[in-house]
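Colleague: Got a predicted structure plus its sequence, pasted below:
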Amino acid sequence: MHETRLLMLLENAGPEGMKVLDLSKDMQVTSPFVTQQLNRMEDNGLIVRTKGEEDRRIVKISLTDKGRAAADREKEHFKRMLAGLCEHLGEADSRELARLMNLAFDYFEEKMTDREEEEGN
């Protein structure tokens, strides 16, 4: 599950990639946890680490071609699962689920904004 989340975050970041600290904030886990996951993903050829040209201390993580393919497979798997869930629930319950999920996402977005303001970001 964590690898899938990292794949999606890195895919959305595009070729410029992301820093470990930003990944850990987005996932709400510690940087050492993210680093462990990234080490495994690097061993599997899914990501590459690139040092900044101006500041060599800054390391950006980005997907390899193999990583982008894995992200695409995960998205397709999720789409199939969601379609299966909608079929299982039926149209009325699927619409209600979508409505409730939108409310939940609005709530989480509000709370994340509040948290960032509290932290001074």
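Modeller: On my side now, so go ahead.
Colleague: What about Glu42, how many residues nearby?
Modeller: Using other C-beta atoms under 10 Å, Glu42 has 15 neighbouring residues. In short, each C-beta sits where N, CA and C put it, glycine included.
Colleague: now Arg68: how far from Leu38?
Modeller: Here Arg68 is placed at a distance of 16 Å from Leu38 (C-beta to C-beta, to the nearest Å).
Colleague: So if I had to pick from the two, which one is more boxed in?
Modeller: Taking neighbours as other C-beta under 10 Å, Arg68 and Leu38 compare with Leu38 leading, 21 against 16.
Colleague: What are the buried residues along stretch 86-106?
Modeller: Ser94 (16 or more other C-beta atoms under 10 Å).
Colleague: Just the residues contacting it, thanks.
Modeller: Leu85 (C-beta atoms under 8 Å, 6 or more residues apart in numbering).
Colleague: how about the CA coordinates for it, as CSV?
Modeller: Extracted C-alpha coordinates of stretch 86-106, given in CSV (Å, rounded to 0.1, in the frame of the first residue of the first chain):
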residue,chain,number,x,y,z
CYS,A,86,-19.8,0.3,-8.1
GLU,A,87,-21.3,-2.8,-9.7
HIS,A,88,-21.6,-4.5,-6.3
LEU,A,89,-23.2,-1.5,-4.7
GLY,A,90,-25.6,-0.5,-7.5
GLU,A,91,-26.2,2.9,-8.9
ALA,A,92,-28.0,4.5,-6.0
ASP,A,93,-25.5,3.4,-3.3
SER,A,94,-22.6,4.2,-5.6
ARG,A,95,-23.8,7.8,-5.9
GLU,A,96,-24.3,8.0,-2.2
LEU,A,97,-20.7,6.7,-1.6
ALA,A,98,-19.4,9.3,-4.1
ARG,A,99,-21.3,12.0,-2.2
LEU,A,100,-19.9,10.9,1.2
MET,A,101,-16.4,10.5,-0.2
ASN,A,102,-16.5,14.1,-1.5
LEU,A,103,-17.6,15.3,1.9
ALA,A,104,-14.8,13.4,3.5
PHE,A,105,-12.2,14.7,1.1
ASP,A,106,-13.4,18.3,1.8
